[in-house]
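Chemist: Predicted model follows, preceded by the sequence.
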Amino acid sequence: MNKGFLKRISVRFCRLIAAPVLALALTTAGTARAGTNLIEIEGGTTDNFSDTGHMAVSGLVKTSGTTVKELNITIAYEDNFNLIDSFICTLTNPADLAFSGGVPVQAAVLTISATGDKCFRTISPATTFSNLGNALNFRSYTVGNKTTLVSTGSTLKDGQGDIVSNVALSGEVDPSGAGSNQAGGDRLIEAGGGAIDTDDINNPSGHMALAGLIRLNPLKKGETTGTAKAVDVTIDFEDHRAADHLACHLLIPGDVSYTLSKGVGTLTLTVGSAGECTGVTNTGKNIVFALYVGGAKGRIVSTSSTLLDSDLDVIGEPVVVGEFSTAGGF
């Protein structure tokens with residue numbers, strides 16, 4: 001079995017880290033923060049072969065009393081040295097979360113179960129793998145309704161039994177803003193993180209950043225797919241290995257589409273015109289995010305991309321996480 005294959009498995013496990021974070025933030029000593037909370041986590045990882053990578057997590061969790069009632073999170077991971085190692089995990093099983101201790105300091109453990117959780121390769125979503133019984137650990141710090149967290153360890157193993165022991169992730173859990181979990185109106189978008197193109201095998205990765213303003217058309221009753229009324233979003237990508245880059249300025253309302261049901265959905269940014277990107281025609285290429293909305297606040301994390309850099313390589317494995325909130329909703 002080659003080294004690249006082993007790395008791939010290990011990294012996927014790491015993402016599952018994000019879920020425990022939610023649990024600990026939601027519960028205090030004997031008292032729980034009821035309602036909807038949003039999570040955002042990112043950081044670096046190193047596998048047992050000393051290959052570095054990047055991980056990002058975003059999600060939404062609903063609680064009632066001391067019980068986690070609903071859990072929806074997405075974990076994205078990219079390995080800087082092997083494209084097939086990168087993966088996406090989706091977690092939907094509240095029973096995965098266990099927490100202990102009282103505020104202001106708590107511990108949380110996420111143990112992967114066979115119910116509701118799914119992990120697959122970023123570049124090959126049909127290729128899934130099991131992480132059953134493996135776990136990740138966090139420590140959280142809570143003051144009032146604000147919680148920050150950091151990873152403390154991992155017993156996750158790759159497909160060959162190698163432990164993914166080096167994770168350095170941090171983030172926060174916030175209560176949702178006032179209002180419904182259906183997005184609408186002016187939304188500020190801001191996100192950043194690691195990204196790797198198809199020419200970066202055995203080489204360091206790159207970085208992607210984006211920001212802008214999107215005015216969404218609200219969803220009508222019974223609808224789950226929406227559009228935008230106005231868009232102004234800037235996307236930048238730089239390659240650490242070479243001078244490859246990407247610079248796009250999206251201005252066409254049709255460049256944006258989204259799905260949303262009960263606060264969980266997707267956000268897609270598609271280049272609609274050759275003039276929107278500098279140097280390389282990216283017409284029809286896109287980047288897709290998992291979308292989580294709670295009132296005024298929203299979070300996104302990338303799940304796929306077909307965007308091309310200046311060397312015409314696909315930036316196929318972004319790990320980009322950030323905000324999608326109304327003014328004051330951050």
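Modeler: Looks like it arrived, so ask away.
Chemist: And residue 225, its phi and psi?
Modeler: phi -120, psi 130 (degrees, to the nearest 10).
Chemist: That one - nearest residue in space that isn't next to it in sequence?
Modeler: residue 259 (5.2 Å; CB to CB, 6 or more residues apart in numbering). For every residue, glycine as well, the C-beta is placed using N, CA and C.
Chemist: need the contact list for the one you found.
Modeler: Neighbouring residues of residue 259 by CB atoms under 8 Å, 6 or more residues apart in numbering: 224-226, 265-266, 291.
Chemist: what's the closest non-adjacent residue to residue 172?
Modeler: Using CB to CB, 6+ apart, the nearest residue to residue 172 is residue 148, at 5.1 Å.
Chemist: Do you have the helices of the protein handy? List them.
Modeler: Assigned by DSSP state H, the helices in the chain fall at 3-15, 18-26.
Chemist: Can you measure across stretch 56-71, start residue to end residue?
Modeler: This stretch, stretch 56-71, spans 17 Å end to end (CA to CA, to the nearest Å).
Chemist: Low-confidence ranges, the stretch 151-300 of the chain, go.
Modeler: Across the stretch 151-300 of the chain, the ranges flagged by pLDDT under 70 are 156-164, 200-203.
Chemist: What ranges does it have for its strands?
Modeler: Ranges of strands in the stretch 151-300 of the chain, per DSSP state E, counting those that start in this stretch, are 166-175, 185-196, 206-216, 225-239, 245-250, 256-261, 264-270, 286-294, 297-305.
Chemist: Can you add distance to residue 323 and give the ones you listed back as CSV?
Modeler: Output for the strands of the stretch 151-300 of the chain, formatted as CSV (distance: least, CB to CB, whole Å):
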stretch, distance to residue 323
strand 166-175, 10
strand 185-196, 5
strand 206-216, 9
strand 225-239, 13
strand 245-250, 17
strand 256-261, 15
strand 264-270, 12
strand 286-294, 11
strand 297-305, 7
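Chemist: Quick check: which of the ones you listed is nearest to residue 100?
Modeler: Distance to residue 100, taken as CB to CB, is lowest for strand 166-175 among the strands of the stretch 151-300 of the chain, at 16.6 Å.
Chemist: so what does that closest one touch, helix or strand wise?
Modeler: Judged by 3 or more CB pairs under 8 Å, 6 or more residues apart in numbering; DSSP states H and E, strand 166-175 is in contact with helix 18-26, strand 35-46, strand 52-64, strand 146-154.
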